[in-house]
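> Pasting a predicted model and its sequence here:
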Amino acid sequence: MSRWGVLLPTFDPFEQGRLHDVPAAARHAEALCFDAVWAGDHLACHVPLLDAPTALAAAAAVTDRVALGLSVLLLGLRPTAWAAKQLATIDVLSGGRLLLGVGVGGEFPEEFTAAGVPLSRRGARLDEALSVLPDLLAGRPVRHDGPALALDVPALAPALPATPPIYVGGRGEPALRRAARFADTWLPMWLDPPTLAQRAQELGELAAGHGRPAPGVALLFGVCLDEDEERARREAEAHLARQYRLPLRVVERWTMLGTPERVAPMLAAHAAAGVGEFIAMPLGRDPVGQYERLTSLRALVDGPASAIPTPGA
């Protein structure tokens, strides 16, 4: 049976002024028995957005069970020691529920300029940060003088007993190589099942070369569930245009639109290709309203045994 998560509404592409709904959305997702809630990370993009670690801390305060994921933290954009402190804080406050997704970003070059980080060095910075992060989180002092990062960090406390599960985002070769070295789970988006299966096989071979087991595979997917497929398409198109300035036609073949019955076979094909975890990015003006529809989709993909129990039952 697959694990299922949902993105929290930490972006406001339609500028509805409802970013304060994030804690309530986290409570609602937990009541619906999702396995995890996730927050995307940017410093600046085309729409208002919340800081991802802070949003997850707010979600931690109002939930008890659901895991808290970053999808994905732009670790190379941030000072590494401060990022480690934030991550440890979330994990401590939540009782060990943090899931650490990381990625390189780059779709908004202006945020790298704003942070004083060279866009061209983002991959190297991420790799070096990942190489020292376990020591930082474990409370060990770190001295590191690499080509992209120079660190001299005393022991940080509180220390974590273990590094949170690491998800490496991205679908290309650099992401596969990074996942093979560091990840517990590979987290791509916008891949068809045959391509995903082929890259997952390659990932396993790369990981074996590092003496590591093959990471699991999660899938981040855009979705708008609606009985009216054309209305779902319009909502998704408007969302992507506002948040990413991305035409839907570019990614429509990987975007899940329409009824749960129409979408379920697409996700089932990804499950057959090796995906063990699904992370939904609801598209449209009512992302939280998509959560209950996603429970119906989950039951269709995973079978009757995955039917979501009534909260409080």
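Received the coordinates, thanks.
> Return the set of buried residues in stretch 53-64.
Of the residues in stretch 53-64, 53, 55, 56, 57, 58, 59, 60, 63 count as buried by neighbour count, 16 or more other C-beta atoms under 10 Å. C-beta: built from backbone N, CA, C; applies to glycine.
> Out of the residues you listed, which sit inside helices?
Within the buried residues of stretch 53-64, membership in helices is found for 53, 55, 56, 57, 58, 59, 60, as judged by DSSP state H.
> could those residues be laid out in a markdown table, adding distance to residue 47?
Below are those laid out as a markdown table (distance: C-beta to C-beta, whole Å):
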| residue | distance to residue 47 |
| --- | --- |
| 53 | 19 |
| 55 | 15 |
| 56 | 19 |
| 57 | 22 |
| 58 | 19 |
| 59 | 20 |
| 60 | 24 |
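> which one of the residues you listed is nearest residue 172?
Residue 172 lies nearest to residue 53 out of these, by C-beta to C-beta, at 25.8 Å.
> Give me the contact list for stretch 125-145.
Defining contact as C-beta atoms under 8 Å, 6 or more residues apart in numbering, one finds that stretch 125-145 is touched by 75-76, 80-81, 83-84, 87-88, 102-104, 117, 146-160, 163-164, 166, 178, 181-182.
> oh, I was asking about stretch 8-15
Here stretch 8-15 makes contact (C-beta under 8 Å, 6+ apart) with 18-19, 21-22, 25-26, 29, 37-40, 45, 47-50, 52, 55, 59, 238-239, 242-243, 282, 285, 287-288.
> Mark which of the residues you listed are buried, thanks.
18, 21-22, 25-26, 29, 37-40, 45, 49-50, 52, 55, 59, 238-239, 242-243, 282, 287-288.
> Filter those down to the ones in helices?
The members of these that map onto helices under DSSP H are 22, 25, 26, 29, 52, 55, 59, 238, 239, 242, 243.
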